[in-house]
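> okay, predicted coordinates and the sequence, questions at the end:
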Amino acid sequence: MGRKFFVGGNWKCNGTTESVKKLVEVLNQGEVPSEDIVEVVVAPPFVFLPLIKSLLRSDFAVAAQNAWVKKGGAFTGEISAEQLVNLGIPWVILGHSERRALLNESNEFVGAKVAYALEQGLKVIPCVGETLEQREAGKTMDVITDQLKAIADKVEHWENVVLAYEPVWAIGTGKVATPDQAQEVHVDIRKWIAANVSEDVASQVRIIYGGSVNGGNANELAHQPDVDGFLVGGASLKPEFIDIIKAAEVKTK
Ligand SMILES: O=C(CO)COP(=O)(O)O
């Protein structure tokens, strides 16, 4: 079976009740390819999850942007995987570069979070990616390999994993990776998974690209054989998110 195109919208720490309701109205009216062709997931801030879940069209799903590393309890300010399950939230993004960099989430911590969330029945979008400095030093795959290994060490079943490659230098900068740059890293990630997890997982796991994806560049990125979709930040807050979802049609031609 082929890898179904996947488009995630990461709303990050944006929105008010009014603005997210308006955004959902736009999404609900958008004409997009059928669920057989594309899987769409939007990740609002925690506080809006129940509202968005109740308003969003049924062919799109919701994700949280983070979850605690283990069972809930005395962890002020955290939200547990069990609570997401309890609310009927199927997906969670983990290890986003903003959390790795600003909140010091280590590779091991992210690996433990991914494993725990999967054990609770959530589907997980773990994020990996290098900084500009690391890329320029020729360390892109070393960095990504360390991030992947910390996940692979703890995860056995990969059916519910969609991996996001998000080069830090492309996030929120308007500086998108070229289609060749994205394809090259996606292939290297797949090779690493083939060698260190299994050939089966490597061929089946979806690897999506994130970093300044917009309505104008989505199609050419989607043309790359190992780009299985996108994780979109800024443009997921705008009507052009619908155009990005439509890039899934590239795979059907
Ligand atoms: O971080 C991202 C998605 O998780 C990408 O953000 P931008 O699309 O705003 O560059």
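Done, it's in.
> could you look up the SS state of residue 162?
strand (DSSP: H, G, I helix; E, B strand; the rest coil).
> equivalent analysis for residue 62, please.
Put simply, residue 62 is strand when judged by three-state DSSP.
> OK, contacts around the closest residue to it other than its chain neighbours?
Nearest residue to residue 62, sequence neighbours excluded (Cβ to Cβ, 6 or more residues apart in numbering): residue 53, at 5.0 Å. Just so you know, the C-beta spots here come from the backbone N, C-alpha and C atoms, and that holds for glycine as well. Contacts for residue 53 (Cβ atoms under 8 Å, 6 or more residues apart in numbering) come out as 62, 87-89.
> where does residue 53 fall, secondary structure wise?
Take DSSP states H and E as the rule and residue 53 turns out to sit in helix 49-55.
> which residue of this structure lies farthest from its centroid?
residue 74 (28.3 Å; Cα atoms, centre = their mean).
> for that residue, give me its contacts.
By Cβ under 8 Å, 6+ apart, residue 74 has no neighbours at all.
> how about stretch 205-214 and the ligand, any contact?
Yes - applying Cβ under 6 Å from any ligand atom, one finds stretch 205-214 touching the ligand at 210-213.
> out of those residues, which is most surrounded?
Counting neighbours by other Cβ atoms under 10 Å, residue 213 leads those with 30 neighbours.
> correct me, but that residue touches residue 232?
Yes - contact status for residue 213 versus residue 232: in contact at 5.0 Å, counting by Cβ atoms under 8 Å.
> common neighbours of those two, please.
Contacts common to residue 213 and residue 232, judged by Cβ under 8 Å, 6+ apart, are residue 244.
> need the residues of the stretch 51-200 of the chain near the ligand, please.
Residues of the stretch 51-200 of the chain lying near the ligand (Cβ under 6 Å from any ligand atom): 96, 166, 171-172.
> I'd like those residues laid out as TSV, including pLDDT and neighbour count.
Converted to TSV, these look like this (pLDDT from 0 to 100; neighbours: other Cβ atoms under 10 Å):
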residue	pLDDT	neighbour count
96	98	27
166	98	26
171	96	21
172	94	12
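> identify the residue of this structure closest to the ligand, quick one.
For the chain, the residue closest to the ligand is residue 233, as judged by Cβ to the nearest ligand atom, at 2.2 Å.
> surely that residue and residue 170 touch.
No - counting by Cβ under 8 Å, residue 233 stays clear of residue 170, with 10.0 Å between them.
> overlap of the contact sets of the two?
residue 210.
> thinking again about what came up before, counting neighbours, which bits of the helix holding residue 53 end up buried?
49, 52-53 (16 or more other Cβ atoms under 10 Å).
> again with stretch 50-70
In stretch 50-70, counting by 16+ other Cβ under 10 Å, buried: 52-53, 56, 60-70.
> ranges for the helices of the chain?
17-29, 49-55, 81-86, 97-102, 107-119, 132-136, 140-152, 179-196, 199-204, 218-222, 240-246 (DSSP state H).
> any chance of the contacts of residue 53 in TSV, plus pLDDT?
Shown next, in TSV, are the contacts of residue 53 (pLDDT from 0 to 100):
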residue	pLDDT
62	98
87	98
88	98
89	98
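> which of these fall in strands?
Among the contacts of residue 53, the residues falling in strands (DSSP state E) are residue 62.
> turn the helices of the chain into CSV, including distance to residue 162 and mean pLDDT.
What follows is the helices of the chain, written out as CSV (distance: least, Cβ to Cβ, whole Å; pLDDT from 0 to 100):
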stretch, distance to residue 162, mean pLDDT
helix 17-29, 19, 98
helix 49-55, 19, 98
helix 81-86, 16, 98
helix 97-102, 16, 98
helix 107-119, 11, 98
helix 132-136, 23, 97
helix 140-152, 12, 98
helix 179-196, 12, 98
helix 199-204, 11, 98
helix 218-222, 15, 98
helix 240-246, 15, 98
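> go through those helices and name the closest to residue 2.
helix 199-204 (9.4 Å; Cβ to Cβ).
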